[in-house]
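Participant: sequence first, then the predicted structure:
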Amino acid sequence: MSVLQQFCSQVILAYNRQNGQLFSDLFTLEDSNSGVMMIRRELSNMSEAQCEQIINSAIENTSHSLAEFVNSYIRLLNNSINFPLTHVYDYFESFYSAVIPVFSSSDSNYLLPFIKTLSTTIVDFAFHVDKTENLQQKQMKANGAARLLSKVFNIMLADRSPLNESKRYGIIHITNLAFKIYTKLDITNLCNTLINNLKNGGVELTEFPISQQVAHRYYLGRFSYYKQQLINAEEHFQFSFNHCPKSSWHNKRLILKFLVPTRIIMGRLPSSALLKEYNLTQPYAELKETIKRGDIRRFNHVMEQYQAFFSHSWTYELLRARCPVLLWRSCLRRVFLLTRQSDEDRVMSYQSCYDGLLAAGEERDLDFYDTENILVSLVSQGYIRGYLHHQLQQIVLSKMNPFPPVNQIRPYIEYYNDELVDEHMKTNQPPTPRDVLTLIEEPEVGAEGQQDEGYGGFDQQFEGYDEYGAYDGQDYDGQMEGMMGDGMGVGFYAQSMAAAGGNQFYQ
């Protein structure tokens, strides 16, 4: 009996006995594996048609999809040495695609560990090929990997067996891998589809291992962060940070890259010890000082100096949009403390506010109208308590706490149900006047007559400031079993992947 026939016999044995461990061992991709080396030696003396004939005659009566999967594995082994990286990946993608029909059968939950491992591998391999070959947009191999993961996701979601014996037990792992691709490709809007499917399918995150919960909440935080739903984002990031083990320094630092700016905007500044421990002293130590002092000029300098750092985590635009109001508040608070004549003095003139904002570095074309608009904004959002007297060109401050702590202010409304918001906008808005509709619908004709076209819950202490409010710290200890699942050895790209340093959150 040939080596290939013996291999087919072992595959049928593993399939009939539903032996997941034997199945995984048979379909290894390690070049150093003795079985792989023996098969390759035999393949060198056979044509592809001969191999397919042997496999089909041995396995097709058992399962047609299993025979096709074995054929794809043999083709992968035949095309994985001394071939271009993209060529090897295409065969690997076919190999992964061929296992999906096998996994879709009703009694194949024993393949779950193999599918999880193989899924992690295809994502890592796709990222490696895209980076090495500098592939862009539609050419990126990660797109194909995402489509295959969605098929596996649907198979798992459809399994209604008890969780401990169901394919569903791998659904959070697959979802996390899909999230990893979506954030890498900057198509986070697709995350919403998976989130809704998990919710509608009754998947409870708490029933899964804490390691998967941490990764999942991290990606949920990033999804909320991109949508500027900061209350949600803070909750997800804080959970991930609290339950991520202290030994996972890289992952905790990565979470902080999003959690720190989220907390800053919400009025809680990180301690110097925390920033130092996770190598985030620059730029955040200087940034928090500019916000405390209301130093607009220095803030602009820090933002430009570290623009690349902030842009890498999609933080630059968010800080640019949300921090000015904090700077204005801190600046005007300092103006108030420096200019009032007595403890009972509660009045600030527009002139004092104007001079203070200019001195802090506000734009030179600032005028009294701009100053008044800034004051109106701060009062209406709750950053300053008081009222404006337009005729006297002054603001009268509240007797009690005229500059409340920022962490007690919720000046924005965050909508978490986009469908309800859209429905509200359609059904609760006044009709557009007919004359306006006429102007909107009137076509524009071109020249030739054509139409134109302190962080609570962390294991660190955080600083509390009068203008921001103190926040008690607590100690948390989390255990996590492997951040993103076990890796799978793939001999033909293992050396080039080794420099990546193991499983990590997407950076």
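Facilitator: Good, I have the coordinates.
Participant: give me the contact list for the helix or strand harbouring Lys288.
Facilitator: If you go by DSSP states H and E, Lys288 is part of helix 281-293. Outside helix 281-293, the residues within contact range by Cβ atoms under 8 Å, 6 or more residues apart in numbering are 260, 264, 269-270, 272, 275, 295-296, 298-299, 302-303, 305-306, 309-310, 319, 323, 326-327, 330, 334, 465, 467-468. (Each C-beta comes from the backbone N, C-alpha and C, glycine too.)
Participant: stretch 218-237 now?
Facilitator: Everything outside stretch 218-237 that qualifies as a contact, by Cβ under 8 Å, 6+ apart, is 176, 179-180, 183, 188, 191-192, 195, 217, 240, 254-255, 258-259, 262-263, 265-266, 314, 318, 410, 414, 416, 505.
Participant: now the terminal residues of that stretch, how far apart.
Facilitator: Using Cα to Cα, to the nearest Å, the end-to-end distance of stretch 218-237 comes to 6 Å.
Participant: tell me which residues of that stretch come out buried.
Facilitator: 218-230, 232-237 (16 or more other Cβ atoms under 10 Å).
Participant: could you do stretch 120-137 as well?
Facilitator: Thr120, Thr121, Ile122, Val123, Asp124, Phe125, Ala126, Phe127, His128, Val129, Asp130, Leu135.
Participant: what's the distance between the helix holding Lys288 and the middle of its chain?
Facilitator: Relative to the chain's own centre, helix 281-293 is displaced by 25 Å; criterion: Cα atoms, centre = their mean, to the nearest Å.
Participant: got the CA positions of it in PDB?
Facilitator: Extracted in PDB, the C-alpha atoms of helix 281-293 (Å, rounded to 0.1, in the frame of the first residue of the first chain):
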ATOM      1  CA  THR A 281       4.600  59.000  28.800                       C
ATOM      2  CA  GLN A 282       5.000  60.700  25.400                       C
ATOM      3  CA  PRO A 283       2.700  62.100  24.100                       C
ATOM      4  CA  TYR A 284       0.100  61.700  26.900                       C
ATOM      5  CA  ALA A 285       2.000  63.300  29.800                       C
ATOM      6  CA  GLU A 286       2.500  66.500  27.900                       C
ATOM      7  CA  LEU A 287      -1.000  66.400  26.400                       C
ATOM      8  CA  LYS A 288      -2.700  66.100  29.800                       C
ATOM      9  CA  GLU A 289      -0.700  69.100  31.100                       C
ATOM     10  CA  THR A 290      -1.800  71.200  28.200                       C
ATOM     11  CA  ILE A 291      -5.500  70.300  29.000                       C
ATOM     12  CA  LYS A 292      -5.100  71.000  32.700                       C
ATOM     13  CA  ARG A 293      -3.600  74.400  32.000                       C
END
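Participant: in the helix or strand following it, what counts as buried?
Facilitator: Using DSSP H and E, the helix or strand that follows helix 281-293 in sequence is helix 296-305. Along helix 296-305, these residues count as buried under the neighbour rule (16+ other Cβ under 10 Å): Ile296, Arg298, Phe299, Asn300, Val302, Met303.
Participant: can I assume the last one is in contact with Leu318?
Facilitator: No - using Cβ atoms under 8 Å, Met303 makes no contact with Leu318, being 11.2 Å away.
Participant: dump the buried residues of stretch 120-137 to a markdown table, plus distance to Ser352, secondary structure and pLDDT.
Facilitator: Output for the buried residues of stretch 120-137, formatted as a markdown table (distance: Cβ to Cβ, whole Å; DSSP: H, G, I helix; E, B strand; the rest coil; pLDDT from 0 to 100):
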| residue | distance to Ser352 | secondary structure | pLDDT |
| --- | --- | --- | --- |
| Thr120 | 60 | helix | 96 |
| Thr121 | 64 | helix | 96 |
| Ile122 | 63 | helix | 97 |
| Val123 | 58 | helix | 97 |
| Asp124 | 59 | helix | 96 |
| Phe125 | 62 | helix | 96 |
| Ala126 | 59 | helix | 96 |
| Phe127 | 55 | helix | 96 |
| His128 | 59 | helix | 96 |
| Val129 | 61 | helix | 96 |
| Asp130 | 56 | helix | 95 |
| Leu135 | 58 | coil | 92 |
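Participant: which one of these sits closest to Phe95?
Facilitator: Ile122 (8.9 Å; Cβ to Cβ).
Participant: now do the contacts for that closest one.
Facilitator: With the criterion set at Cβ under 8 Å, 6+ apart, Ile122 makes contact with Phe92, Glu93, Tyr96, Ala145, Leu148.
Participant: next step: the residues you listed restricted to helices.
Facilitator: Taking DSSP state H, the ones among the contacts of Ile122 that sit in helices are Phe92, Glu93, Tyr96, Ala145, Leu148.
Participant: got the contact list for the residue nearest to Gln393 when sequence neighbours are not counted?
Facilitator: Leaving aside its chain neighbours, Gln393 sits nearest to Tyr350 (4.3 Å; criterion: Cβ to Cβ, 6 or more residues apart in numbering). By Cβ under 8 Å, 6+ apart, Tyr350 lies in contact with Phe368, Thr371, Glu372, Leu375, Gln393, Gln394, Ile395.
Participant: so the first one makes contact with Tyr354?
Facilitator: Yes - with contacts counted by Cβ under 8 Å, Phe368 reaches Tyr354, the gap being 6.2 Å.
Participant: who's more crowded, the two?
Facilitator: Tyr354 (20 against 12; other Cβ atoms under 10 Å).
Participant: quote the end-to-end distance of stretch 391-401.
Facilitator: End-to-end distance (Cα to Cα), stretch 391-401: 25 Å.
Participant: again, but for stretch 39-47
Facilitator: Using Cα to Cα, the two ends of stretch 39-47 sit 13 Å apart.
Participant: and the strands in this structure?
Facilitator: Residue ranges of the strands in the chain, as given by DSSP state E, are 347-349, 386-389, 394-397.
Participant: so which of these gets nearest Asn61?
Facilitator: strand 386-389 (84.6 Å).
Participant: same question for that closest one: list its buried residues.
Facilitator: Within strand 386-389, the residues scored as buried using 16+ other Cβ under 10 Å are Gly386.
Participant: could you do stretch 306-322 as well?
Facilitator: So, applying 16+ other Cβ under 10 Å, buried residues of stretch 306-322: Tyr306, Phe310, Ser313, Trp314, Thr315, Tyr316, Leu318, Leu319, Arg322.
Participant: biggest separation within these, which pair?
Facilitator: Applying Cβ to Cβ across those, the maximum distance is between Tyr306 and Arg322, 16.4 Å.
Participant: next one: Arg333 from Thr339, what distance?
Facilitator: 11 Å (Cβ to Cβ, to the nearest Å).
Participant: burial count for Ser342?
Facilitator: 6.
Participant: show me the contacts for the residue nearest to Ala58 when sequence neighbours are not counted.
Facilitator: Leaving aside its sequence neighbours, Ala58 sits nearest to Cys8 (Cβ to Cβ, 6+ apart; 3.9 Å). Applying Cβ under 8 Å, 6+ apart to Cys8 gives the contacts Ile54, Ile55, Ala58, Ile59, Val70.
Participant: could I get the pLDDT score of Cys8?
Facilitator: pLDDT for Cys8: 95.
Participant: any idea how far Asn19 is from it?
Facilitator: 15 Å.
Participant: same thing with Gln238?
Facilitator: Taking Cβ to Cβ, one finds Gln238 at 42 Å from Asn19.
Participant: what do you get for Glu286?
Facilitator: Glu286 is 59 Å from Asn19, by Cβ to Cβ.
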